[in-house]
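In: turn this into a structure:
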Amino acid sequence: MARLRRTTIGLRETTKNKLDAHRAPGQCYDGFLCQLVDLWEKNHAAEDFSRIDYAGRKTREDSSPHKAG
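Out: Numbers count the residues shown, from 1 in each chain. Below is the predicted model of the structure:
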């Protein structure tokens, strides 16, 4: 069986502290983050995020007062 590849992501210390405060004792970060993403997808499945940038702001095109349609 092939080993799964691992990667590293950088987090602010405050973000890591939030993760630590809410994950189960002994739970790995990968498992906890997968749970968070699953919950996010479940709660936001019908929403269209294509017009939101990586920081959660609406794009210029989407914020235009003169939308077509």
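
In: output the below-cut-off pLDDT ranges for the chain.
Out: Low-confidence segments of the chain (pLDDT under 70): 49-69.

In: can you map out the helices along it?
Out: Ranges of helices in the chain, per DSSP state H, are 13-22, 29-43, 60-63.

In: in contact with Arg3, which residues?
Out: Taking Cβ atoms under 8 Å, 6 or more residues apart in numbering as the contact definition, Arg3 lies against nothing. Using the backbone N, CA and C atoms, a C-beta is placed for each residue, glycine as well.

In: that one and Lys42: what is the separation?
Out: Noted for Arg3: a distance of 29 Å to Lys42, by Cβ to Cβ, to the nearest Å.

In: ok, now Tyr29?
Out: 20 Å.

In: who has more neighbours, these two?
Out: The residue with more neighbours, out of Tyr29 and Lys42, is Tyr29; 13 against 8, by other Cβ atoms under 10 Å.

In: contacting residues around stretch 14-26?
Out: Stretch 14-26 is contacted from outside by Leu11, Tyr29, Phe32, Leu33, using Cβ under 8 Å, 6+ apart.

In: ok so, going back, looking at the helices of the chain, which is nearest to Thr7?
Out: In terms of Cβ to Cβ, the element of these nearest to Thr7 is helix 29-43, at 10.1 Å.

In: output the closest one as CSV - backbone C-alpha positions only.
Out: In CSV, the C-alpha atoms belonging to helix 29-43 read as follows (Å, rounded to 0.1, in the frame of the first residue of the first chain):
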residue,chain,number,x,y,z
TYR,A,29,-4.8,18.1,12.7
ASP,A,30,-5.6,16.3,9.4
GLY,A,31,-8.6,14.6,10.9
PHE,A,32,-9.9,17.8,12.6
LEU,A,33,-9.4,19.9,9.4
CYS,A,34,-11.2,17.2,7.3
GLN,A,35,-14.1,17.4,9.8
LEU,A,36,-14.2,21.2,9.5
VAL,A,37,-14.2,21.1,5.7
ASP,A,38,-16.9,18.4,5.6
LEU,A,39,-19.1,20.6,7.9
TRP,A,40,-18.4,23.7,5.8
GLU,A,41,-19.4,21.8,2.6
LYS,A,42,-22.5,20.5,4.2
ASN,A,43,-23.6,23.9,5.4
